[in-house]
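S.K.: A structural model of the following input is requested.
(chains A and B)
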Amino acid sequence: MKVIIVDDEQKFIKMLAKRLVMRGIETDVVDSGEKAIKKIGLTDYDIAVLDIKMPGISGLELKKELATIAPSLKFLFVTGHGTVNKSEKSSEKNDIYLSKPLDIEILIKKMNEVIKNG
Amino acid sequence: MDKTSNFINTEGIKFFGKVNASISHELKNILAIISETAGFLNDLADLAKKGKGFKISLIEECSDSIAEDIQRGFTTIKQMNQFAHSVDIPIKEIDILEVLQLTVKLSEFLSFSNSVKIKNSDYEVQPVFTCPFLLQNLIYQILIFTYESTGSNGEIHVRLNSPKKDGVDLVFSSPLQLNLKNFSNTKIKETADILGVEFNINQSLHELTIWIPSSCNQIVVLAKELQIDSNGDNGVNDILKNIHNK
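M.R.: Residues are numbered from 1 along each chain as shown, chains lettered A, B, ... in the order given. Next up, the predicted model:
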């Protein structure tokens, strides 16, 4: 599995990436939507883990952009809010949202599910 | 004053909710970093149990990171506490700089990447008799407007000025130029009216100035009303006497 994590909390994504790599998951991190767009144009990933609220482009807007660049890319959302408001959710019912702090085993399980079920 | 009290209550609850949500978001982010760091330490412990080596500096990095984020959490909680206590005494004499500094911090939780520089924080200003909670709300709304105006990664400058009239000027500007054409928010205007605050927009300099009076009639009336509501237990009487004597 090859994953890209997009979140403006740099310390969080670096630590999460270390833990995923220890579990044999190829992981890249970027701290903004703009950087994710550049990166995904150059590298193939199976899944993008996107923070919903980020400076500049939000996670939901980013999903739309990335889906046009990499149509086979799958997505999973994370949020620092306790709950995800209706207005913050994408129109797609199957999208999965995880609340921070994350349980790494649940994150990996959900990533596998999303990749498998697409 | 019913209309004013209703406005303060309604908008105050909204403002309180908004700030609380942004603070809880910040705290969740801090906890998420600590949680991942603790998880990483567990992973290292598992490696050690399996007899696999790793650099001891990794453990030091983790403990430094946890200490740093606990400090970030403490600072956030301190600001949350200061904000929560801003409603204790509804009308009082305040230090504008203190209110400005706290409100800037609170707004930064929401703005992610924008930064605010208070240009002359050593400037001495006279105390202002006002409603601190409502003034925070006003400054907060203006900061959010300026963040939207400059876009992400924008920088906002705020400086304090001595105006000709009795009170304090706060001047908002940006090196990226503020677009002030759409500055006609009803909520901002209503909040400003209650506080007796006046606006001055300088389109050519891309500057927004708010003049905060050191005291004004409607605030004095409101203070008297709120004093009755809280059984006179908020020290307003003494301040009113002082103002009267002046």
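S.K.: In space, what's closest to residue 28 - neighbours in sequence excluded?
M.R.: As the question left the chain open, I've gone with chain A. A:Ile4 (4.8 Å; C-beta to C-beta, 6 or more residues apart in numbering or on different chains). No exception for glycine: its C-beta is placed from N, CA and C like everyone else's.
S.K.: Wait, chain B was what I had in mind.
M.R.: In space, B:Lys28 is closest to A:Gly80, 4.4 Å off (C-beta to C-beta, 6+ apart).
S.K.: so who does that neighbour touch?
M.R.: Each residue near A:Gly80 by C-beta atoms under 8 Å, 6 or more residues apart in numbering or on different chains is listed here: A:9, A:51, A:53, A:99-100, B:25-26, B:28-29, B:32.
S.K.: Same question for A:Glu9.
M.R.: By C-beta under 8 Å, 6+ apart, A:Glu9 lies in contact with A:31, A:51, A:80, B:29, B:32-33.
S.K.: just curious, which of these is nearest to A:Ile108?
M.R.: B:Ala32 (16.3 Å; C-beta to C-beta).
S.K.: Compute the number of surrounding residues for the closest one.
M.R.: By the measure other C-beta atoms under 10 Å in any protein chain shown, the count of residues near B:Ala32 is 24.
S.K.: wouldn't it be in contact with A:Pro101 here?
M.R.: Yes: between B:Ala32 and A:Pro101 there is a contact under C-beta atoms under 8 Å: 4.2 Å.
S.K.: The residue nearest to the spatial centre of chain A in helix, strand or coil?
M.R.: For chain A, the residue nearest the mean C-alpha position is A:Val49 (0.9 Å; C-alpha atoms, centre = their mean). At A:Val49 the chain is in strand, as set by DSSP: H, G, I helix; E, B strand; the rest coil.
S.K.: Show me which residues of stretch B:130-149 are buried.
M.R.: B:130-147, B:149 (16 or more other C-beta atoms under 10 Å in any protein chain shown).
S.K.: Over to stretch A:47-59?
M.R.: Of the residues in stretch A:47-59, A:47-57, A:59 count as buried by neighbour count, 16+ other C-beta under 10 Å.
S.K.: what distance separates the start and the end of that stretch?
M.R.: Criterion C-alpha to C-alpha, to the nearest Å; first-to-last residue distance in stretch A:47-59 is 14 Å.
S.K.: tilt between the longest helix seen in chain B and strand A:47-51?
M.R.: Assignment by DSSP state H gives helix B:2-49 as the longest helix of chain B. Counting by axes from the mean of the first three to the mean of the last three C-alpha atoms, to 10 degrees, helix B:2-49 lies at 140 degrees to strand A:47-51.
S.K.: right, and the helix or strand after helix B:2-49?
M.R.: Remark: after helix B:2-49, the chain's next helix or strand is helix B:56-84, criterion DSSP states H and E.
S.K.: tell me the mean pLDDT for that following helix?
M.R.: The average pLDDT for helix B:56-84 rounds to 95.
S.K.: Report all helices and strands that that helix contacts.
M.R.: Applying 3 or more C-beta pairs under 8 Å, 6 or more residues apart in numbering or on different chains; DSSP states H and E, we find helix B:56-84 packed against helix A:10-22, helix B:2-49, helix B:96-111.
S.K.: same thing but 6 Å
M.R.: helix B:2-49 (3 or more C-beta pairs under 6 Å, 6 or more residues apart in numbering or on different chains; DSSP states H and E).
S.K.: Kindly report the residues of chain B close to chain A.
M.R.: B:25, B:28-29, B:31-33, B:35-37, B:39-40, B:43, B:112-113, B:152 (C-beta under 6 Å from any C-beta of the partner chain).
S.K.: which residue is nearest the centroid of chain B?
M.R.: Central residue of chain B (C-alpha atoms, centre = their mean): B:Thr103, 1.0 Å from the mean position.
S.K.: quick one: contacts for that residue?
M.R.: Neighbouring residues of B:Thr103 by C-beta atoms under 6 Å, 6 or more residues apart in numbering or on different chains: B:136, B:139-140.
S.K.: so how far is A:Ala67 from it?
M.R.: Distance of B:Thr103 to A:Ala67, given as C-beta to C-beta, to the nearest Å: 39 Å.
S.K.: swap in A:Val6?
M.R.: Distance from A:Val6 to A:Ala67, by C-beta to C-beta: 14 Å.
S.K.: More neighbours: which of those two?
M.R.: Under the criterion of other C-beta under 10 Å, the comparison of A:Val6 against A:Ala67 puts A:Val6 first, with 28 against 14.
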